[in-house]
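Enquirer: structure here, sequence nowhere to be found:
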């Protein structure tokens, strides 16, 4: 398959792979796709190490970096430190988590609070680190990319991508000057909207075609895409390729905890839920006792806004993952991770390179089936 976006990004197959794991990023890039490293979880010095490693392992092939700088979050514009943000976490939320852990047989300890990538100017610092490397794409989720990202992209000739979950968001991105739009349906893992991929792709394409310059902005399909035939279906609707994330979580290289991988392999497409209990914004993840505890019901606790919820939740969830690995039943019932509804088709651990090759084979087979439906004169 050869499309304009392949030529534009120097790739052989229009498959973009978002992952927090550098090994996955390098494997996909080396297999002919575009690996994109999720950088928001790293400190600037850590991101520097990760990107240096990728540089050494991709031999000049293209890869990108995704740095989430949300349009809206608690403390935006106030330039707060981690400690100042932490002071906004109510004691009752800390108590609620301790009670939840205790109810699952986990010894209560002093609840730690994680650092946030949204304190100070971390987003800009991560971008500065990224720009010191030969990245060929920078992406942002949760709103229009900040001006400094778009400006840096234009100055250096690096395309800027943005993720959207609604057509009105896509229109804003075109007006802002982004170069690539990732249209993500509700089936996606992580932060997502409420509209299905099958509906959202044509809806966005129609909407941006009415905006000056909109027809020139390529659209990648995202949300529940874990096979080449799904990718082919989206290309048939007008997408230029696919942006994927969940499918890499059960690869050999993935950062996913072993117990969580097994939980994903056993899950059906109905075993995920959009929950704000991890980050403060609705994000699709494996359903568990943790997500149930934060569900909007009389017994549930209302999650805090982004990034406060993540600051108080992540240390507890990391502890849960460690205990789940040892066989702790309460921790295993609580453990969860971001994953989309495509998890029902993810039933085997395999190398990331093999996933790419299967995508290509599956895409070709789907394209041949589609061409076979056309009548010849």
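Expert: Sure, I can see it. These numbers were taken from a predicted model, which means no experiment stands behind them. Residues are numbered from 1 along each chain as shown.
Enquirer: give me the neighbour count for residue 256.
Expert: Residues near residue 256, counting by other CB atoms under 10 Å, number 23. (Glycine included, C-beta is placed from N, CA and C.)
Enquirer: residue contacts, it?
Expert: Contacts for residue 256 (CB atoms under 8 Å, 6 or more residues apart in numbering) come out as 249-250, 264, 337.
Enquirer: quick check on it: phi, psi?
Expert: Per-residue torsions, residue 256: phi -60, psi 140 (degrees, to the nearest 10).
Enquirer: so how far is residue 356 from it?
Expert: For residue 256, the distance to residue 356 equals 18 Å [CB to CB, to the nearest Å].
Enquirer: per-domain residue ranges of this structure.
Expert: 4-75+118-251+347-371, 82-116+256-334 (automatic domain parsing).
Enquirer: now mean pLDDT and distance to residue 341 too, for these, in TSV please.
Expert: Compiled in TSV, those are given as follows (pLDDT from 0 to 100; distance: least, CB to CB, whole Å):
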stretch	mean pLDDT	distance to residue 341
domain 4-75+118-251+347-371	94	4
domain 82-116+256-334	90	4
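Enquirer: out of those domains, deepest packed?
Expert: domain 4-75+118-251+347-371 (a mean of 20; mean count of other CB atoms under 10 Å).
Enquirer: now the terminal residues of it, how far apart.
Expert: End-to-end distance of domain 4-75+118-251+347-371 (CA to CA, to the nearest Å): 20 Å.
Enquirer: where do the strands of the stretch 201-350 of the chain begin and end?
Expert: 219-222, 241-244, 272-275, 283-286 (DSSP state E, counting those that start in this stretch).
Enquirer: using CSV, lay out the ones you listed together with distance to residue 332.
Expert: Converted to CSV, these look like this (distance: least, CB to CB, whole Å):
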stretch, distance to residue 332
strand 219-222, 29
strand 241-244, 27
strand 272-275, 17
strand 283-286, 11
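Enquirer: of all those strands, which one is nearest residue 193?
Expert: With CB to CB as the measure, strand 272-275 is the member of these nearest residue 193 (9.1 Å).
Enquirer: what lines up beside the closest one in the sheet?
Expert: Paired with strand 272-275 in the same sheet, following DSSP bridges, are strand 283-286 (antiparallel).
Enquirer: now what about the strand it pairs with, what contacts it?
Expert: 186-192, 260, 263-264, 267, 271-276, 278, 291, 335-341, 343.
Enquirer: take these and keep only those in helices.
Expert: 260, 263-264, 291 (DSSP state H).
Enquirer: tell me the one among those nearest to residue 36.
Expert: For the ones in helices among the contacts of strand 283-286, the nearest to residue 36 is residue 264 (20.5 Å; CB to CB).
Enquirer: ok, the closest one touching residue 251?
Expert: No. Using CB atoms under 8 Å, residue 264 is not in contact with residue 251, being 11.1 Å away.
Enquirer: tell me how many other residues crowd the nearest residue to residue 260 once chain neighbours are set aside.
Expert: Leaving aside its chain neighbours, residue 260 sits nearest to residue 337 (4.9 Å; criterion: CB to CB, 6 or more residues apart in numbering). Other residues near residue 337 number 22, with proximity taken as other CB under 10 Å.
Enquirer: returning to that earlier point: tell me which two of the ones in helices among the contacts of strand 283-286 sit farthest apart.
Expert: Greatest spacing in the ones in helices among the contacts of strand 283-286, by CB to CB: 264 and 291 (14.4 Å).
Enquirer: any idea where the helices of the stretch 151-300 of the chain begin and end?
Expert: 167-176, 197-208, 228-236, 258-266, 289-293 (DSSP state H, counting those that start in this stretch).
Enquirer: who wins for proximity to residue 94 among these?
Expert: So among those, helix 289-293 is nearest, using CB to CB, at 14.0 Å.
Enquirer: ok, so of the ones in helices among the contacts of strand 283-286, who is nearest residue 170?
Expert: In terms of CB to CB, no member of the ones in helices among the contacts of strand 283-286 lies closer to residue 170 than residue 291, at 28.5 Å.
Enquirer: tell me how far the closest one lies from residue 41.
Expert: Distance check for residue 291 against residue 41: by CB to CB, it reads 20 Å.
Enquirer: measure residue 205 to residue 105 for me?
Expert: Applying CB to CB, the value for residue 205 to residue 105 is 51 Å.
Enquirer: whoops, I mixed them up, residue 43
Expert: 33 Å.
Enquirer: please apply the same query to residue 314.
Expert: Taking CB to CB, one finds residue 314 at 21 Å from residue 105.
Enquirer: repeat for residue 259
Expert: Taking CB to CB, one finds residue 259 at 16 Å from residue 105.
Enquirer: same deal with residue 20?
Expert: Counting by CB to CB, the gap from residue 20 to residue 105 is 29 Å.
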